[in-house]
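K.L.:
Predicted model follows, preceded by the sequence.
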Amino acid sequence: MKKAIAYILIICVAVPLLALLCLFVYTSFHVVPTPQIGKIALTDSVVQKNDSIRTLGNNWAKKIGDDLYVCYTEGNPETRGYAYGALLPDLMSYQKRALLRRMEETVRGEWYRKFLCRFVRFYNSGIQEYLTDEQCRELYGLSLADTNDFDELAEPYELQLNLHAAHDIGHAMQDYMLVGCSSFVLNGEKTKDSTLLFGRNFDFYCGDEFAKTKVLSVCKPDSGYAFVSVSWGGMLGVLSGMNEKGLAVCINASKLDIPKSVAMPISMLVRHILIHCKSIDEAYAEAKKMKTFVAENIVIASAYDNDMATIEKSPEEIELYRSSDKDMLLCTNHFQSEKFMQNERNLMNINQTDTKYRIELLAELLGKKEKFDAEDAMAVLLNPYGKGGENIGLGNEMAINQLIAHHSVVFEPEKLNIYVCTQPKYFYPYVKFNLQDILNVAVEMHGRVSNDHGHVSNYKIASQNFAVADSLRRSSDFVRYYGRYVFFRDGKDPYVPSDVSSCVDNSIADPFCTTVQIVIPDSFVAFNPMFFEAHDIAGDLYLRRNDIKSACDEWQKALECKIPKLAQRKAIEDKIKKYR
């Protein structure tokens, strides 16, 4: 009997060690095959920089304000990939470092982070088999312009493949809830000019540092349609975009099948759709061909069709959903078609998360006016309150503006207008651009000598600011209280930030004391009193003080607030049961 137990113990230890050894050996010696590429004429060229302009051949990037670049690329896949990387190498490096720092914050332990990186490399091996030849060539071109700063993680081409799958892997590892977006499309009688109006918030949060700078990427391929998209430095995949035929597309995560293997990243599918499709039917046909590995809503507004629809795509199935209201399509983070509506995981998602509340909130906000224009759509997207204008706590995931969005966008597909808000969490103004205007500027600059390329006056990109939420941005609730709430909540130690040196008395709002370095829970709650999270954290603070009664009282107050997810409510209830 003892020998049997010993053998079992040896097997239990040996098998995981053997698996780790195989993982280490595989990732150490595996080489990702590179695609066959055409000529990249720009590799011998030098990027010209002058003021806010960078140029490389007919490709260029211009800085607009403090946190937005407009980047134009053209040519064959490898050329435009290389140009994008060569024009914005600093942004590429910055985003990778920000992502790694975020990983260090959320994944404790250097050994575990290294293991996770190797696992991702193993999991993603073979991803290029699910990408089109065009996509592989474009990503390879991008990798040729990449630095070698991250060779310890992977070679540049393999690293780019892994980074472009990160959005989807984030869904899988966070049970699809890393991204919770809200989108709507209006048309006909719901818009003031009777044309399509498309609004969306991309609530992807990877830390404030990661979200600091955005890129408005304009791409004109040698074969296919020119398009514009909003993302970050080094990201070729499309999260929110529109092509020159007036096909506007965005993605909203859903929750359905658990991915069993790697496949095409959903953002690369959207890029493929924008390059090759002008209508909803064409987009649906292309989506059916491609295997993806997360469940996603692909929301489409088509000027060609004067219509809108959602492609609901899981790793195994796909369906085209059209709203029963011909003038309004709403989408949050669940599937709505008959095919998926009764799916067990879809129903669980609807009943246990905030997705149902947000789609009802969208319907309420869009029902307040008979007709909408772009500014009205912006006001809906920046609304931080709940149903009936209820204060549910700033930053609550049940709101349309959860104060975590990477970007917010409004499209007018028939006019080719795109309005971009780079910092919706700060209620920044939207900046209006026109895709055709940018393409015209690019055409005007073709063939100019390199010395002429660097003058800012030659790149007259028309833009206009729309500040629809200035009153919110300047409100005391946001400026005085929410900012402090976030600062103290997100300290290196959420309970005892090391860089705070403020004392507290009855007349001072700062909730820290230099003598004991302990947060005063009541002061912390006062910064965001209607938010369940504030009371939840305050309860944890009281627990640290061994004040069990006050801790349970705060947790009970949290339960009286609006809580987005059933799992969050249950976690608080469990703490009360444990300590009461």
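P.N.:
Structure received. Everything quoted here is computed from the prediction, not taken from an experiment. Residues are numbered from 1 along each chain as shown.
K.L.:
C-alpha only now, for contacts and for neighbours.
P.N.:
Fine.
K.L.:
Could you list the low-confidence segments of the stretch 101-250 of the chain?
P.N.:
Along the stretch 101-250 of the chain, segments meeting pLDDT under 70 span 106-107, 110-120, 122-123, 150-153, 167, 169-179.
K.L.:
Apply 80 and report the result again.
P.N.:
102-125, 147-154, 166-180 (pLDDT under 80).
K.L.:
for the stretch 401-550 of the chain, same thing?
P.N.:
Checking the stretch 401-550 of the chain against pLDDT under 80 turns up 446-460, 476-477, 479-480, 483-484, 487-520.
K.L.:
Mind jotting down where the strands sit in it?
P.N.:
Assigned by DSSP state E, counting those that start in this stretch, the strands in the stretch 401-550 of the chain fall at 407-412, 417-421, 430-434, 464-466.
K.L.:
Each with direction, which strands does the third one pair with?
P.N.:
Same thing as strand 430-434. Strand 430-434 sits in its sheet next to strand 417-421 (antiparallel), strand 464-466 (antiparallel), going by DSSP bridges.
K.L.:
can you redo those strands as TSV with distance to residue 282 and mean neighbour count?
P.N.:
Listed next are these as TSV, based on distance: least, CA to CA, whole Å; neighbours: other CA atoms under 10 Å:
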stretch	distance to residue 282	mean neighbour count
strand 417-421	22	24
strand 464-466	33	14
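K.L.:
Show me the one of the ones you listed that comes nearest residue 569.
P.N.:
Minimum separation from residue 569 across those (CA to CA) falls at strand 417-421, 32.3 Å.
K.L.:
how is this structure carved up into domains?
P.N.:
47-71+177-473, 480-579 (automatic domain parsing).
K.L.:
Format the ones you listed as JSON lines; extra columns: distance to residue 128.
P.N.:
Formatted as JSON lines, the domains of the chain follow (distance: least, CA to CA, whole Å):
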{"stretch": "domain 47-71+177-473", "distance to residue 128": "8"}
{"stretch": "domain 480-579", "distance to residue 128": "36"}
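K.L.:
most packed of those?
P.N.:
Comparing the domains of the chain by mean neighbour count (mean count of other CA atoms under 10 Å), domain 47-71+177-473 ranks first with a mean of 20.
K.L.:
now the end-to-end length of that domain.
P.N.:
38 Å (CA to CA, to the nearest Å).
K.L.:
Tell me how far it lies from the chain's centre.
P.N.:
10 Å (CA atoms, centre = their mean, to the nearest Å).
K.L.:
Tell me which of the strands of the stretch 401-550 of the chain sits nearest to residue 61.
P.N.:
Among those, strand 430-434 sits nearest to residue 61 (CA to CA), with 14.8 Å.
K.L.:
angle of the closest one against strand 407-412?
P.N.:
40 degrees (axes from the mean of the first three to the mean of the last three CA atoms, to 10 degrees).
K.L.:
what residues are up against residue 148?
P.N.:
Residues near residue 148 by CA atoms under 8 Å, 6 or more residues apart in numbering: 155-156.
K.L.:
ok, 7 Å please
P.N.:
Contacts of residue 148 were listed using CA atoms under 7 Å, 6 or more residues apart in numbering, and they are residue 156.
K.L.:
Give the phi and psi angles for the residue nearest the centre of the chain, as a check.
P.N.:
Taking CA atoms, centre = their mean, the centroid of the chain lies closest to residue 204, which sits 3.0 Å from it. Residue 204 adopts backbone torsions of phi -100, psi 120, taken as degrees, to the nearest 10.
K.L.:
swap in the one 4 residues further on?
P.N.:
Here the main-chain torsion angles of residue 208 (degrees, to the nearest 10) amount to phi -60, psi -40.
K.L.:
do the same with residue 64
P.N.:
Phi and psi for residue 64, reported as degrees, to the nearest 10, are phi -110, psi 110.
K.L.:
Mind checking what secondary structure the closest residue to residue 188 other than its chain neighbours has?
P.N.:
Counting by CA to CA, 6 or more residues apart in numbering, residue 194 is the residue found nearest to residue 188 once chain neighbours are left out, at 4.2 Å. Under DSSP: H, G, I helix; E, B strand; the rest coil, the three-state class of residue 194 is coil.
K.L.:
Now do stretch 554-574: distance from first to last residue.
P.N.:
Separation of the first and last residues of stretch 554-574 by CA to CA is 14 Å.
K.L.:
what does that stretch contact?
P.N.:
By CA under 7 Å, 6+ apart, the residues outside stretch 554-574 that reach it are 352-354, 392, 397-398, 530-533, 535-536, 538-539, 576.
K.L.:
For the strands paired with strand 430-434, could you give me a markdown table that also reports distance to residue 84?
P.N.:
Output for these, formatted as a markdown table (distance: least, CA to CA, whole Å):
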| stretch | distance to residue 84 |
| --- | --- |
| strand 417-421 | 20 |
| strand 464-466 | 25 |
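K.L.:
that older thread, and the contacts of stretch 554-574, which two are the farthest apart?
P.N.:
Across these, the longest distance by CA to CA is 24.4 Å; it joins 352 and 538.
K.L.:
thinking again about what came up before, okay but the residue nearest to the centre of the chain is in contact with residue 406, surely?
P.N.:
Yes. Using CA atoms under 7 Å, residue 204 is in contact with residue 406, at 5.6 Å.
K.L.:
From one end of stretch 317-335 to the other, what's the distance?
P.N.:
Start-to-end span of stretch 317-335 (CA to CA) is 12 Å.
K.L.:
let me redo that: stretch 185-192
P.N.:
End-to-end span of stretch 185-192 (CA to CA): 13 Å.
K.L.:
which residues sit against that stretch?
P.N.:
Stretch 185-192 is contacted from outside by 194-199, 301, 308, 327-330, 370-373, using CA under 7 Å, 6+ apart.
K.L.:
helix or strand for residue 340, which one?
P.N.:
helix 338-341 (DSSP states H and E).
K.L.:
Mind checking the pLDDT average for that helix?
P.N.:
For helix 338-341, mean pLDDT is 95.
K.L.:
neighbouring contacts of that helix?
P.N.:
335, 347.
K.L.:
Name the next helix or strand downstream of it, please.
P.N.:
helix 344-352.
K.L.:
Now do that next one, average pLDDT.
P.N.:
95.
K.L.:
quick one on the thing from earlier: looking at the strands paired with strand 430-434, which is nearest to residue 443?
P.N.:
When these are compared by CA to CA, strand 417-421 sits nearest residue 443, at 18.6 Å.
K.L.:
Could you export that closest one as PDB, CA atoms only?
P.N.:
The C-alpha coordinates for strand 417-421 follow below in PDB (Å, rounded to 0.1, in the frame of the first residue of the first chain):
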ATOM      1  CA  ASN A 417     -17.000  61.200 -40.800                       C
ATOM      2  CA  ILE A 418     -15.400  59.800 -37.700                       C
ATOM      3  CA  TYR A 419     -15.500  61.500 -34.300                       C
ATOM      4  CA  VAL A 420     -12.800  60.200 -31.900                       C
ATOM      5  CA  CYS A 421     -12.700  60.700 -28.100                       C
END
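K.L.:
and the strands of the stretch 401-550 of the chain as CSV, adding distance to residue 271?
P.N.:
Shown next, in CSV, are these (distance: least, CA to CA, whole Å):
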stretch, distance to residue 271
strand 407-412, 17
strand 417-421, 17
strand 430-434, 19
strand 464-466, 26
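K.L.:
Residue 322 is nearest to which of these?
P.N.:
Of all these, strand 407-412 sits nearest to residue 322, with 19.1 Å by CA to CA.
K.L.:
and the end-to-end length of stretch 285-302?
P.N.:
End to end - CA to CA - stretch 285-302 spans 15 Å.
K.L.:
Could you shift the numbering so residue one becomes 38, and keep it that way?
P.N.:
All set: I'll call the first residue 38, so the last point we hit is now stretch 322-339.
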